[in-house]
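A.B. asks: Please work out how this folds:
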Amino acid sequence: MSQEDRAHRPVMLREVLDGLALKADGLYVDCTFGRGGHSGAILDSLGPEGRLLALDKDPEAVTSEEAQRLMTDPRFALEYGSFASLREFVQLRGWSSHVAGVLMDLGVSSPQLDEAGRGFSFMRDGTLDMRMDTGRGMTAAEWLAGASESELVSVLRDYGEERYARRIAGAIIERRSKSPIVSTGELVELIEKAVPTRERGKHPATRSFQAIRIFINRELEELEQGLRQAMDVLKPGGRLVVIAFHSLEDRIVKRFMRDEERGGAVLSHFSLHPTEPGRLKRIGKARMPEPEEVRSNPRARSAVLRVAERIQS
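C.D. replies: Below is the predicted model of the structure:
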């Protein structure tokens, strides 16, 4: 398998299709189109009456060759926007409470990582941008130029779980007092010097790049919004399938599905008593990619897939 094939291979495809429990005439939403691997497979499973709406806030994804090819299918539509606006996109189509499945494949896509100019990869020197939506918002370089030391520490610690957050923040402050940090290579070099120890099998810049990317793109806030809105668009029996790639995302997904399964509850005599019925039931346990997939597509190694079904409340 070529490098290009590995880069564009959709993660846990079989598990995603199983989790969605696809119906030939169902309405589905792929909240993270990327390069269309999951969307294409979903379309292949739908009949003439089935429909798929895909979303992506990366303008390059929306204008990609893969997007143009799929848009020749009358059953498919692609919108430029975040899944934090999922409810709005679904309402515009009159699909509210009629959607049979929602897929969220979180994190950064392979094409975003592979293009040095996007600034996501610490393995390639390029412009320090890190925006998924390059049409709006502040770049990573702009944020690093103006953030206070306490804000830098907070972001690196809270979003990257970086134990050396204070050392790295101090190094950023010292470096930018002499010259702006404008490239990924400059940031990587700075982090490598600031971090005194190495985690086995992990580059010292991994956690910092993750933290800055999550902060710049408001990924965790948008995830929480998207999960809540999925409850408004799914019909009873509809499936919610989420793939997370790091513990912060997965904890949010796990907690959301657990809480929606439990419903409202009060503590009485040291036990929980339901006050409102749950709106979800979890389907099976969290799943990880098979070893064979990880060998052929190393970027799948940290994936965790969770599935839940909307129930009548």
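
A.B. asks: what residues are up against Ala308?
C.D. replies: Contacts for Ala308 were tallied using CB atoms under 8 Å, 6 or more residues apart in numbering; they are Arg239, Leu240, Met257, Glu260, Glu261, Leu280, Lys281, Arg282, Ile283. Using the backbone N, CA and C atoms, a C-beta is placed for each residue, glycine as well.

A.B. asks: one more time with 10 Å
C.D. replies: Taking CB atoms under 10 Å, 6 or more residues apart in numbering, we find Ala308 in contact with 19, 227, 230-231, 234, 238-242, 253, 256-258, 260-261, 278-284.

A.B. asks: now swap in Glu261 and tell me
C.D. replies: Glu261 touches Gly278, Arg279, Leu280, Lys281, Arg282, Ala308, Glu309, Ile311, counting by CB under 10 Å, 6+ apart.

A.B. asks: Would you mind listing where the stretch 151-300 of the chain has pLDDT under the threshold?
C.D. replies: For the stretch 151-300 of the chain, residues meeting the criterion pLDDT under 70 lie at 264-275.

A.B. asks: returning to that earlier point: and the contacts of Ala308, which are buried?
C.D. replies: Neighbour-count burial (16 or more other CB atoms under 10 Å) applied to the contacts of Ala308 gives 19, 227, 230-231, 234, 238-242, 253, 256-257, 260, 278-280, 282-283.

A.B. asks: Ala67: which element?
C.D. replies: helix 65-70 (DSSP states H and E).

A.B. asks: what pairs with whichever helix or strand comes after that helix, and is each one parallel or antiparallel?
C.D. replies: Where DSSP H and E defines the elements, the next helix or strand beyond helix 65-70 is strand 76-80. If you go by DSSP bridges, strand 76-80 pairs up with strand 51-56 (parallel).

A.B. asks: What's the mean pLDDT across the partner strand?
C.D. replies: The pLDDT scores in strand 51-56 average 98.

A.B. asks: Just the CA atoms of that strand, as CSV, please.
C.D. replies: Below are the C-alpha coordinates for strand 51-56, written out as CSV (Å, rounded to 0.1, in the frame of the first residue of the first chain):
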residue,chain,number,x,y,z
ARG,A,51,-29.6,10.6,1.7
LEU,A,52,-26.2,11.7,3.1
LEU,A,53,-25.3,15.2,4.3
ALA,A,54,-21.6,15.9,5.0
LEU,A,55,-20.1,18.8,6.8
ASP,A,56,-16.5,20.2,7.0
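
A.B. asks: Tell me which residues of it come out buried.
C.D. replies: The neighbour-count check on strand 51-56 (16+ other CB under 10 Å) flags Arg51, Leu52, Leu53, Ala54, Leu55, Asp56 as buried.

A.B. asks: With respect to Trp143, which of those is nearest?
C.D. replies: The closest of the buried residues of strand 51-56 to Trp143 turns out to be Asp56 (CB to CB; 22.8 Å).

A.B. asks: ok, back up a step: export the contacts of Glu261 as CSV, with columns for distance to Arg200.
C.D. replies: What follows is the contacts of Glu261, written out as CSV (distance: CB to CB, whole Å):
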residue, distance to Arg200
Gly278, 41
Arg279, 42
Leu280, 38
Lys281, 39
Arg282, 33
Ala308, 34
Glu309, 39
Ile311, 43
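
A.B. asks: Need the max-distance pair from the residues you listed.
C.D. replies: Maximum distance among the contacts of Glu261 (CB to CB): 11.8 Å, for Arg279 and Arg282.

A.B. asks: Identify the contacts common to these two.
C.D. replies: Glu260, Glu261, Ala308, Glu309.

A.B. asks: any chance of the contacts of Glu261 in JSON lines, plus distance to Arg301 and secondary structure?
C.D. replies: Output for the contacts of Glu261, formatted as JSON lines (distance: CB to CB, whole Å; DSSP: H, G, I helix; E, B strand; the rest coil):
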{"residue": "Gly278", "distance to Arg301": "32", "secondary structure": "coil"}
{"residue": "Arg279", "distance to Arg301": "32", "secondary structure": "coil"}
{"residue": "Leu280", "distance to Arg301": "28", "secondary structure": "strand"}
{"residue": "Lys281", "distance to Arg301": "29", "secondary structure": "strand"}
{"residue": "Arg282", "distance to Arg301": "24", "secondary structure": "strand"}
{"residue": "Ala308", "distance to Arg301": "24", "secondary structure": "strand"}
{"residue": "Glu309", "distance to Arg301": "27", "secondary structure": "strand"}
{"residue": "Ile311", "distance to Arg301": "33", "secondary structure": "coil"}
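
A.B. asks: picking up where we left off before, contact partners of the helix holding Ala67?
C.D. replies: 8, 33-37, 39-40, 43, 52, 54, 56, 60-62, 64, 76-78, 80, 111.

A.B. asks: name the element Glu151 belongs to?
C.D. replies: helix 149-160.
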